[in-house]
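Trainee: got a predicted structure here, sequence first:
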Amino acid sequence: MTVAYLDCFSGVSGDMLLGALIDAGAAPAAILRGLRPLRLPAWRWRVARARRGEFTGTRVDVRAADGRARHGVLAAVRARAPRAALPDGVARDAERVFTRLLAAEGAVHGRLARHVHLHELEDLDTLVDVYGVLLALRLLGVTRVFASPVTAGTGTVSAHHGELPVPAPGTAELLRGIPVALGSGTGELATPTGAALVAALAERGTPPVFTLHRIGYGAGARDGGARPNLLRVFVGEAREDAWREDVRQVDAVVDDMSPQLVEAFMERAYREGALEAWTAPVGMKRQRPGIALTALVAPPRLDGVVRAFLEETSTLGVRITSPERVVLARRMTAVRTRWGRVRVKLAGAGAARHAVPEYADVRRLARRSGLPARLVLEEARRACAGLLLDHPKPWRGG
């Protein structure tokens, strides 16, 4: 199991996190290939070493090709991302980040998220930062992310709505439930994009013991101040082959909802971050047939999944329990079939090792070749047999 730990001693921003992951070994060329399916407006970036105080890190500077700010592309990219050929989970995780960003701004200004405009954020810059970070994590094989308390900064920041205290209201909303260091550092150190990435991706609590393999430093835009404007990331392999997770189980039973709406509920639950979701037929009072709806979710994602229950189903309430689950450590690799490449989820070790082909890849190759999906799946499973004894490398893009 590959773990990333974000050391936010001088705050966090999207470009700092992307720079740190590149500095830790995520190849910029592979990130660029991963971004192509999004069909972003013409853009370029500069990835270079930058000195901050007595230390250096990787600075990522994203610009539109014509040098002008780009707004208004976020909604279009979000709409097509689920259908784009992105690595497993990237579109889902990105949607969680953007949903948090818009919901936080909406909460501050008293508006629904769909009516919110991110005044201080260029859509293009934000899109590259968010999708770039998610692609970089997969390039490094990271399956779990943890973070230190976030240093928020001090003073004020000039924004569309005037001079605002640090952290700005939208950033403060995103930092709810996250350990923060207030009144420390100079200027705005935690940005909305950085806070949204930490809120959506990082687990709470102490990371497991892991063997440190890579260290990366991402440089922020500003230089100066008492501490170097850098974000540090540690990447390594956790020792255990399985671990216990604290999860929440959300349950509801309905007898007055059209079964056709179950699909919309399941899609929403997974979009909100459900780890697992399922339904079962049940008998209710007066012998009425009903549907039991259940979802497992990590505590930081609980509110979104509860909203899915209350907004997408006819239930008037939910039950929340706190079970514990044991999961095998996992990583992504790939195998070759005669029709193309299939990603594989490799979990566990020894007699408990499993190799599971990604069905989305199987379906894509089946459609392209005109063959039944079961034939492609059978060959992918045969190709996986050797992985049960070998030690695969993380996905490297392409």
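Mentor: Good, I have the coordinates.
Trainee: please enumerate the helices of the protein.
Mentor: Applying DSSP state H to the chain gives helices spanning 14-23, 28-35, 74-80, 90-109, 123-139, 169-174, 192-201, 261-271, 302-312, 359-369, 373-384.
Trainee: let me know the average pLDDT across the shortest one.
Mentor: Read that as helix 169-174. Mean pLDDT, computed over helix 169-174, is 88.
Trainee: on that earlier part again, show me the one of the helices of the chain that comes nearest Arg59.
Mentor: helix 14-23 (5.7 Å; C-beta to C-beta). Any C-beta I mention is one placed from the backbone N, CA and C, and that applies to glycine too.
Trainee: so how far is the closest one off the chain centroid?
Mentor: Its chain's average C-alpha position is 15 Å from that of helix 14-23, according to C-alpha atoms, centre = their mean, to the nearest Å.
Trainee: just stretch 218-226 next, same as before
Mentor: The chain centre lies 25 Å from the centre of stretch 218-226; the measure is C-alpha atoms, centre = their mean.
Trainee: what about that stretch, start to end distance?
Mentor: From its first residue to its last, stretch 218-226 covers 17 Å (C-alpha to C-alpha, to the nearest Å).
Trainee: if we can go back for a sec, for Val335, find the nearest of the helices of the chain.
Mentor: Smallest distance to Val335 across the helices of the chain (C-beta to C-beta): 3.8 Å, for helix 373-384.
Trainee: need the contact partners of that closest one.
Mentor: 335-339, 342, 344, 355-357, 359, 361-363, 365-366, 369 (C-beta atoms under 8 Å, 6 or more residues apart in numbering).
Trainee: got the CA positions of that helix in PDB?
Mentor: Extracted as PDB, the C-alpha positions of helix 373-384 are listed here (Å, rounded to 0.1, in the frame of the first residue of the first chain):
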ATOM      1  CA  ALA A 373     -17.000  -8.600 -23.000                       C
ATOM      2  CA  ARG A 374     -16.700 -12.100 -21.400                       C
ATOM      3  CA  LEU A 375     -14.000 -13.100 -23.900                       C
ATOM      4  CA  VAL A 376     -11.900 -10.100 -23.200                       C
ATOM      5  CA  LEU A 377     -12.400 -10.500 -19.400                       C
ATOM      6  CA  GLU A 378     -11.300 -14.200 -19.600                       C
ATOM      7  CA  GLU A 379      -8.100 -13.300 -21.400                       C
ATOM      8  CA  ALA A 380      -7.400 -10.400 -18.900                       C
ATOM      9  CA  ARG A 381      -7.900 -12.900 -16.000                       C
ATOM     10  CA  ARG A 382      -5.500 -15.300 -17.600                       C
ATOM     11  CA  ALA A 383      -2.900 -12.500 -18.000                       C
ATOM     12  CA  CYS A 384      -3.500 -11.700 -14.300                       C
END
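Trainee: mind listing what's buried along it?
Mentor: Residues of helix 373-384 classed as buried: Val376, Leu377, Glu379, Ala380, Arg381, Ala383, Cys384 (neighbour count, 16 or more other C-beta atoms under 10 Å).
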